[in-house]
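Q: sequence unknown, structure follows:
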């Protein structure tokens, strides 16, 4: 059963039937559409009790809240159901009472984007499109390619020049046709748009496709259920395009609407200083002003965020706030997150932790607070940045050589 | 409750109480000890019904079959519970009836070794050792460091020169003291041994520590349960040291002993041609003869496999066989596995798939057979090899340039 009622433009608020294209016919490409559900109908099925009894640990357990038919073919690759890990040592380091990491680096292709892509390939199949395309700085790309491989679809991926080699390699392994555009993310995005229109490919760009955010929101749904419906005070999410933070918020709001959770957490949206147009719009109340992105956190290095308005509305509605962190703080967060939790976060993911650290230091998040930081991608996806953060091993001779000195220096003997 | 009854030497067959050290006091370092359980006692608790009701999806759900006390502190990082994915397109490519990939690249640090390390850190804590050490070509190392971080232990890691940079970076991020030994795996192993003895560190080397294989066997336990206790005809596992293949077999044997599974699968042990002393010993019936390892599959590039005998016995007992594949076949398997399943396997993991491919081609595995290939590590852990396999993206200008030509060449338009 499908509970989707229509698609509502976030700008002009017109509601359309699902047959409409990707964005609002009236507002054009800025008119992002939001999927509307019959929550009364969903609520009759999706009770705490019924959820607890479901064996499916993947994100399809929330199928009534996803825009896919009940008979839709789903990708064989398991998506979602990622661990929410309590990290007391990291909480102490940040200076808060309780901290959990939601490790979405454990998804099939190593990032939260699998949640979106899995819905994307189901929609492509539904619309009988054999080719799915996307433009991405990396994670959406590899996830799109991986999910397409799992569904037997072809994928065409447009990546900007700066996409890290591991992510490009990953999607070549998945058999994608990879087009590296000599330019920025924006150039890749535009070329992908034109190509989808020209050749009728299914367009997996979260900046315009209304269904992807629905996949991403399951991160919020899972956090709620994993916390036994008692949300933390804060949930920290890094912000690039704005789609993920809006999606996670939508998940929490839906849990409240359905009566599954009595209250919602406040969202801490975190951007990298070098790519922070959403924070600027949030703080000024003015429309977003594009900027030239400059941060090592490539997954959130977005200068023209398509979902900026949705992100600003989400953070505001949650009663939360936005904050920026430097690349230095991000690298530092990769290091202490790894050392204190055993979770290897990619720069964009560590950004959420760094933001929380700064928000506590500035008194914007209280010392008695509990929080979740969303780890949006696996550190293995961008080892180059990690190397900068991690330092070097000690080189020693097979006979041990300077071993004792090193151990003394490390205070191990 | 702890059902461990003792430790039995695999060479002289003496059974010791658990208080004994790492290896057989009589046989020395070659006397690997095997943990013995009170299976009658375990069987009274671990029924199909009880297992089905357990909410814990991690490998601790098989706690009665693990050598840890019921009150032992466990690492917060979730281990095991990795997906078993049906891959019909890959099955067709291999020419068999049914194929599943058990994706252990989805573990916390990206490899099956987390199963072993998680038990290792619990034992270290139990023995009040604040430092855990290991020598490893990579995965055991990063897994040891990650699990140590999660448990608040210090880790000291000895890696050989050839360890891939991503794996080294990963363990530096986890705060390990990393000692890169100018030499082979064997040199790193020996130095680690001496250091553990000298400074009293807990020794996480699966070549001598009897508890690690117990963690690894949960991969077999999970495969059995995920197949609803109806095993496939074959389970393909790549072989380096020999510990993993022996462990997986132990898991299956235990399921049969406990009456949870009526029959066991046959094991296909697969080695890389350039590091195949276990296959040689299996085929000749003679003791293992060390060799200089030469394969790009670094996780199984072991020239002096400590667990060779255990591996040979396991494969023989299962009614299975062993086979070697070339580095070219491994790279090829990385490519078609990714393209046809959306799972990115590291070279040592793709080795299992390549072995299955060759075994089918040679008629050693029948065309009506069903199989599981164990994906022991994530491809992101060794992107350098993947790059060799994957080829290059197409570079294009922002205006699209030669796009149409490329699409025609790829048969997409």
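A: Received, thanks. Nothing here was measured: the structure is a model prediction, and the numbers come from that model. Residues are numbered from 1 along each chain as shown, chains lettered A, B, ... in the order given.
Q: Just the buried positions in stretch A:352-365, please.
A: Neighbour-count burial for stretch A:352-365 flags A:352-360, A:364-365 (criterion: 16 or more other CB atoms under 10 Å in any protein chain shown). (C-beta placed from N, C-alpha, C; glycine too.)
Q: go on, stretch A:289-303?
A: Neighbour-count burial for stretch A:289-303 flags A:293, A:295-303 (criterion: 16+ other CB under 10 Å).
Q: same thing with stretch A:190-200?
A: For stretch A:190-200, a neighbour-count test (16+ other CB under 10 Å) marks A:190-193, A:195-196, A:199 as buried.
Q: So which residues of the stretch 51-200 of chain A form strands?
A: Listed in chain order, the strands of the stretch 51-200 of chain A (DSSP state E, counting those that start in this stretch) span residues A:84-86, A:98-103, A:131-135, A:154-160, A:177-181.
Q: Kindly reformat the ones you listed as a markdown table containing mean pLDDT and mean neighbour count.
A: A markdown table is the format used below for the strands of the stretch 51-200 of chain A (pLDDT from 0 to 100; neighbours: other CB atoms under 10 Å in any protein chain shown):
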| stretch | mean pLDDT | mean neighbour count |
| --- | --- | --- |
| strand A:84-86 | 98 | 17 |
| strand A:98-103 | 98 | 25 |
| strand A:131-135 | 95 | 27 |
| strand A:154-160 | 94 | 27 |
| strand A:177-181 | 95 | 24 |
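Q: Adding distance to chain B, write those strands out as JSON lines.
A: As requested, those are arranged in JSON lines below (distance: least, CB to the nearest CB, whole Å):
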{"stretch": "strand A:84-86", "distance to chain B": "5"}
{"stretch": "strand A:98-103", "distance to chain B": "8"}
{"stretch": "strand A:131-135", "distance to chain B": "6"}
{"stretch": "strand A:154-160", "distance to chain B": "6"}
{"stretch": "strand A:177-181", "distance to chain B": "4"}
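Q: out of those strands, nearest to residue B:375?
A: If you check each of the strands of the stretch 51-200 of chain A against residue B:375 by CB to CB, strand A:98-103 wins as the nearest, at 19.0 Å.
Q: what about stretch A:245-257, average pLDDT?
A: Model confidence over stretch A:245-257 averages 98 on the pLDDT scale.
Q: which residues does the closest residue to residue A:310 other than its chain neighbours contact?
A: Spatial nearest neighbour of residue A:310, chain neighbours left out: residue A:246 (4.0 Å); criterion: CB to CB, 6 or more residues apart in numbering or on different chains. By CB atoms under 8 Å, 6 or more residues apart in numbering or on different chains, the contact set of residue A:246 is A:213, A:307, A:310-311, A:313-314.
Q: about what we covered before: filtering the buried residues of stretch A:190-200 by proximity to chain B, which remain?
A: Residues shared between the buried residues of stretch A:190-200 and the neighbourhood of chain B are A:190-191, A:195, A:199 [CB under 8 Å from any CB of the partner chain].
Q: For the stretch 301-413 of chain A, list the residues in contact with chain B, please.
A: When proximity is defined by CB under 8 Å from any CB, the stretch 301-413 of chain A lies next to chain B at A:334-335, A:338-344, A:378-381, A:383, A:386-387, A:389-400, A:403, A:406-407, A:410, A:412-413.
Q: try 6 Å
A: Neighbours of chain B within the stretch 301-413 of chain A, by CB under 6 Å from any CB of the partner chain: A:338-339, A:342, A:344, A:380, A:383, A:386-387, A:390-391, A:393-398, A:400, A:410, A:413.
Q: follow-up on the earlier one: can I assume the residue nearest to residue A:310 sits in a helix?
A: Yes. Judged by DSSP: H, G, I helix; E, B strand; the rest coil, residue A:246 forms part of a helix.
Q: What's the separation between it and chain B?
A: Note on residue A:246: its distance to chain B, by CB to the nearest CB, to the nearest Å, is 27 Å.
Q: that older thread, I'd like to know which of the buried residues of stretch A:352-365 is nearest to chain B.
A: Distance from chain B was checked for each of the buried residues of stretch A:352-365 by CB to the nearest CB. The minimum falls on residue A:353, at 12.9 Å.
Q: What is the three-state secondary structure of the closest one?
A: helix.
Q: Just the buried residues of stretch A:190-200: which are in helices?
A: A:190-193, A:195-196, A:199 (DSSP state H).
Q: As JSON lines, those with pLDDT and distance to residue A:72 would be great.
A: Converted to JSON lines, those look like this (pLDDT from 0 to 100; distance: CB to CB, whole Å):
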{"residue": "A:190", "pLDDT": "92", "distance to residue A:72": "31"}
{"residue": "A:191", "pLDDT": "95", "distance to residue A:72": "30"}
{"residue": "A:192", "pLDDT": "95", "distance to residue A:72": "25"}
{"residue": "A:193", "pLDDT": "93", "distance to residue A:72": "26"}
{"residue": "A:195", "pLDDT": "96", "distance to residue A:72": "26"}
{"residue": "A:196", "pLDDT": "96", "distance to residue A:72": "21"}
{"residue": "A:199", "pLDDT": "96", "distance to residue A:72": "24"}
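Q: which one of these is nearest residue A:324?
A: Closest to residue A:324, out of all of these and judged by CB to CB, is residue A:190, at 26.8 Å.
Q: Give the helix, strand or coil label for the residue nearest to the closest one when sequence neighbours are not counted.
A: Excluding its sequence neighbours, the residue lying closest to residue A:190 (CB to CB, 6+ apart) is residue B:398, at 7.6 Å. Taking three-state DSSP as the rule, one finds residue B:398 in the coil state.
Q: which ones are touching residue B:398?
A: Listed by CB atoms under 6 Å, 6 or more residues apart in numbering or on different chains, the contact set of residue B:398 reads A:181, A:183, A:187.
Q: go again using 10 Å as the cut-off
A: Residue B:398 makes contacts with A:160-161, A:181-184, A:186-188, A:190-191, as judged by CB atoms under 10 Å, 6 or more residues apart in numbering or on different chains.
Q: And the furthest pair within the residues you listed?
A: Spanning the widest gap among the contacts of residue B:398 are A:161 and A:190, at 14.5 Å by CB to CB.
Q: how about the strands of the stretch 51-200 of chain A, which one is nearest residue B:58?
A: Of all the strands of the stretch 51-200 of chain A, strand A:84-86 comes closest under CB to CB, at 11.0 Å.
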